[in-house]
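K.L.:
My questions are about this predicted structure, shown below with the sequence.
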Amino acid sequence: MTYAVIAVERAMKIQEVILRAMSGALTWPQAADILGMHPRSLRRWRARQQRVGYDGLLDRRRQRPSPRLAPFAEIERILHLYRERYAGFNVRHFHQLVRRDEHVTLSYTLVKTALQKAGLVAKRRARGRHRRRREPRPCFGELLHLDGSPHAWLARCPDQRQTLIAVLDDATQRLLYAQLWSAETTTTVMSALGDVFRTCGLPCALYTDRAGWAFLTPKAGGPIDRTHLTHVGRALAHLGIEHIGAYSPQARGRGERLNRTLQDRLVNELRLAGITTLEAANAYLRERFIPDHNARFSRPPADSTAAFVALGDVDLDQILCEEDERTVAPDNTVSFDTVRLQLAKQPGRPTCAGARVTVRRHLDGRFTVWRGPTRLGLYAASGVPVPARVEQAANGHFRVAGADRPPMRPRRIVRATAGRQRRLGPRLPVGPGF
């Protein structure tokens with residue numbers, strides 16, 4: 001049987017209004033008023049839909065339901081779940097969770113169509129202009145993306161905004177690090193890099209935006225000043241890691257898409273888990289979210305050879321830190337960011353005044369003062385000296401803990417033979433007249 005166009009359009013309108021009433025967006029009297037019929041007639045239409053199903057799944061050639069008909073009760077349950085528990089989730093994320101937790105077996109397309117026709121999910125706008133895709137690097141660890149995303153990540157604390165710092169591998173799309181911090185600073189970025197370096201090794205390159213902690217840009221929108229490095233730039237140069245700066249959000253599209261995915265998925269999962277603190281959110285990220293994200297979105301690299309370089313005996317605590325040169329004042333003090341550090345008297349030196357030293361502020365807030373490879377002092381975050389701790393070196397000698405960098409390697413000690421005696425006392429002059 002052939003149906004007129006107006007009849008098909010009328011049936012589609014009735015179907016859409018019934019779905020909106022089922023989702024709770026409309027009351028049944030309002031739905032009947034929109035369709036211009038009595039509520040009794042609308043109830044009959046609803047009963048007919050429960051028996052027949054969606055208009056598109058009806059076999060109109062034989063006037064009987066399609067064998068692929070979706071159960072009406074299951075559609076109603078899905079709409080109820082989205083409205084009551086999963087409101088705000090995107091369709092893909094919602095479909096993945098209900099398949100895992102609610103044992104839903106319907107396809108993604110059917111769930112999406114039902115949500116859109118019920119008015120619970122809006123249709124996406126058309127995509128923008130065509131852009132050329134950059135091929136990912138072939139090796140795991142060849143290029144890492146690091147970015148911070150300020151957002152209201154804890155939906156149960158809407159007045160608070162946190163910053164998620166994430167590190168993504170370009171070749172595998174694997175999320176190597178993701179933690180919430182109060183702000184995106186030099187300290188938090190170095191903490192993220194230290195975690196990745198200790199876990200995976202040293203990458204070949206790091207791709208970031210041109211934030212203040214990353215680069216010095218003398219003129220807004222101008223080129224990066226490569227001669228004056230930030231603390232992060234100095235640490236990356238010391239480790240031999242290429243630092244690449246992006247000049248537009250489109251240039252670092254993979255990092256921006258990751259932030260969009262995390263803002264869409266992580267916020268809803270933290271809300272669903274009832275998390276209200278940074279500590280609990282970071283634990284959830286480490287134990288649940290990152291493994292699930294990598295299992296779903298990561299992919300094998302084009303080249304199976306990893307580009308990460310083993311860290312070895314490199315002391316990251318002395319590299320991933322804020323470092324600056326200072327001249328010791330006449331009273332044997334140096335200052336760093338308004339904190340005054342008093343140097344103790346050093347063996348073999350009457351005073352340290354006028355000496356050029358290196359002051360480092362570490363990620364835990366403590367300060368150290370160095371002259372070459374020798375540490376002159378260790379201080380708490382308030383500037384109070386920390387008593388020195390003695391340790392035994394690899395060669396068996398005792399020394400101040402952390403006094404030398406790199407650590408001393410074991411060496412063989414050669415002692416003088418008994419036949420050679422050391423001359424004691426000063427040498428007497430010899431020659432004519434003596």
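P.N.:
Cool, the structure landed. Residues are numbered from 1 along each chain as shown.
K.L.:
Could you use CA atoms for every contact and neighbour count after this?
P.N.:
OK.
K.L.:
List the contacts of residue 181.
P.N.:
Residue 181 makes contact with 162-165, 188, 278, according to CA atoms under 8 Å, 6 or more residues apart in numbering.
K.L.:
ok, what's across the strand from it?
P.N.:
In this entry, residue 181 is beta-bridged to residue 163, by DSSP bridges.
K.L.:
pLDDT value on residue 407, please?
P.N.:
The model reports residue 407 with a pLDDT of 40.
K.L.:
where's the residue nearest the centre of the chain, which helix or strand?
P.N.:
When CA atoms, centre = their mean is applied to the chain, the residue found nearest the centroid is residue 166 (1.3 Å). Element membership of residue 166 [criterion: DSSP states H and E] is strand 162-169.
K.L.:
hang on, the earlier thing: from the contacts of residue 181, which is closest to residue 137?
P.N.:
Of all these, residue 137 sits closest to residue 165, with 21.7 Å by CA to CA.
K.L.:
thought that closest one was touching residue 151?
P.N.:
No. Under the criterion of CA atoms under 8 Å, residue 165 makes no contact with residue 151, lying 11.1 Å away.
K.L.:
Between the two, which is the more surrounded one?
P.N.:
Using other CA atoms under 10 Å, the more surrounded residue of residue 165 and residue 151 is residue 165, with 22 against 16.
K.L.:
Relative to residue 40, how far out is that one?
P.N.:
In this view, residue 165 and residue 40 are 57 Å apart by CA to CA, to the nearest Å.
K.L.:
Residue 312 now?
P.N.:
Per CA to CA, residue 312 is found 78 Å from residue 40.
K.L.:
what's the span of stretch 149-168, first residue to last?
P.N.:
By CA to CA, one end of stretch 149-168 lies 13 Å from the other end.
K.L.:
burial of residue 228, as a residue count?
P.N.:
Each residue near residue 228 was counted by other CA under 10 Å, and the total is 12.
K.L.:
Now tell me what touches the strand holding residue 166 from outside.
P.N.:
140-141, 143-153, 174-184, 189, 192, 255.
K.L.:
and the residues you listed, which are buried?
P.N.:
By neighbour count, with 16 or more other CA atoms under 10 Å, the contacts of strand 162-169 hold 140-141, 143-153, 174-181, 183-184, 189, 192, 255 as buried.
K.L.:
lowest-confidence helix or strand of this structure?
P.N.:
Counting by mean pLDDT, DSSP states H and E, the chain has its least confident helix or strand at strand 58-59, which shows a mean of 40.
K.L.:
residue contacts, the closest residue to residue 92 other than its chain neighbours?
P.N.:
Counting by CA to CA, 6 or more residues apart in numbering, residue 108 is the residue found nearest to residue 92 once chain neighbours are left out, at 7.2 Å. For residue 108, the contact set (CA under 8 Å, 6+ apart) comprises 91-92, 95.
K.L.:
Also residue 305?
P.N.:
139-140.
K.L.:
Three-state assignment for it, please.
P.N.:
coil (DSSP: H, G, I helix; E, B strand; the rest coil).
K.L.:
Can you list the low-confidence ranges for the stretch 251-400 of the chain?
P.N.:
251, 389-400 (pLDDT under 70).
K.L.:
can you map out the strands along it?
P.N.:
If DSSP state E, counting those that start in this stretch is used as the criterion, the strands of the stretch 251-400 of the chain fall at 322-327, 333-336, 339-342, 356-361, 367-371, 374-379, 390-392, 398-400.
K.L.:
sorry, back to before: need the contact list for the closest residue in space to the residue nearest to the centre of the chain that isn't next to it in sequence.
P.N.:
Sequence neighbours aside, residue 178 is the residue nearest to residue 166 in space, at 4.3 Å (criterion: CA to CA, 6+ apart). Contacts for residue 178 (CA under 8 Å, 6+ apart) come out as 164-167, 282, 285-286, 290.
K.L.:
Pull the contacting residues for the closest residue to residue 118 other than its chain neighbours.
P.N.:
With sequence-adjacent residues excluded and distances taken as CA to CA, 6+ apart, residue 118 is closest to residue 20, at 4.3 Å. If you count contacts by CA under 8 Å, 6+ apart, residue 20 has them with 26, 117-119.
K.L.:
Pipe the residues you listed into TSV and attach pLDDT, secondary structure and neighbour count per row.
P.N.:
Converted to TSV, the contacts of residue 20 look like this (pLDDT from 0 to 100; DSSP: H, G, I helix; E, B strand; the rest coil; neighbours: other CA atoms under 10 Å):
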residue	pLDDT	secondary structure	neighbour count
26	86	coil	16
117	88	helix	20
118	88	coil	23
119	88	coil	18
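K.L.:
Those residues: which two are farthest apart?
P.N.:
The largest separation in the contacts of residue 20, counting by CA to CA, is between 26 and 117 at 12.9 Å.
K.L.:
Settle it for me: which of residue 312 and residue 40 has more neighbours?
P.N.:
Using other CA under 10 Å as the criterion, residue 312 and residue 40 rank with residue 40 on top: 11 against 8.
K.L.:
so which helix or strand takes in the more buried one?
P.N.:
Taking DSSP H and E as the definition, one finds residue 40 inside helix 39-52.
K.L.:
Could I get the phi/psi values of the residue nearest to residue 118?
P.N.:
With angles defined as degrees, to the nearest 10, residue 20 sits at phi -70, psi -40.
K.L.:
Tell me the pLDDT of it.
P.N.:
pLDDT, read off for residue 20, is 85.
K.L.:
what's the answer for residue 431, then?
P.N.:
Reading off the model, residue 431 has pLDDT 47.
K.L.:
just residue 159 next, same as before
P.N.:
89.
K.L.:
Residue 283 versus that one, what's the distance?
P.N.:
22 Å.
K.L.:
neighbour count winner among these two?
P.N.:
Just comparing residue 159 and residue 283: by other CA under 10 Å the higher neighbour count belongs to residue 283, 12 against 8.
K.L.:
Next one: the more buried one relative to residue 27, how far apart?
P.N.:
Here residue 283 is placed at a distance of 43 Å from residue 27 (CA to CA).
K.L.:
do residue 165 as well
P.N.:
44 Å.
K.L.:
again, but for residue 376
P.N.:
77 Å.
K.L.:
neighbour-wise, which of these two wins?
P.N.:
residue 376 (19 against 14).
K.L.:
List the contacts of that one.
P.N.:
Contacts of residue 376 (CA under 8 Å, 6+ apart): 343-344, 346, 368-370, 403.
K.L.:
Show me which positions of stretch 360-374 end up buried.
P.N.:
Of all the residues in stretch 360-374, those buried under the rule 16+ other CA under 10 Å are 360-363, 366-370.
K.L.:
How confident was the prediction at residue 164?
P.N.:
Value for residue 164, per-residue pLDDT: 94.
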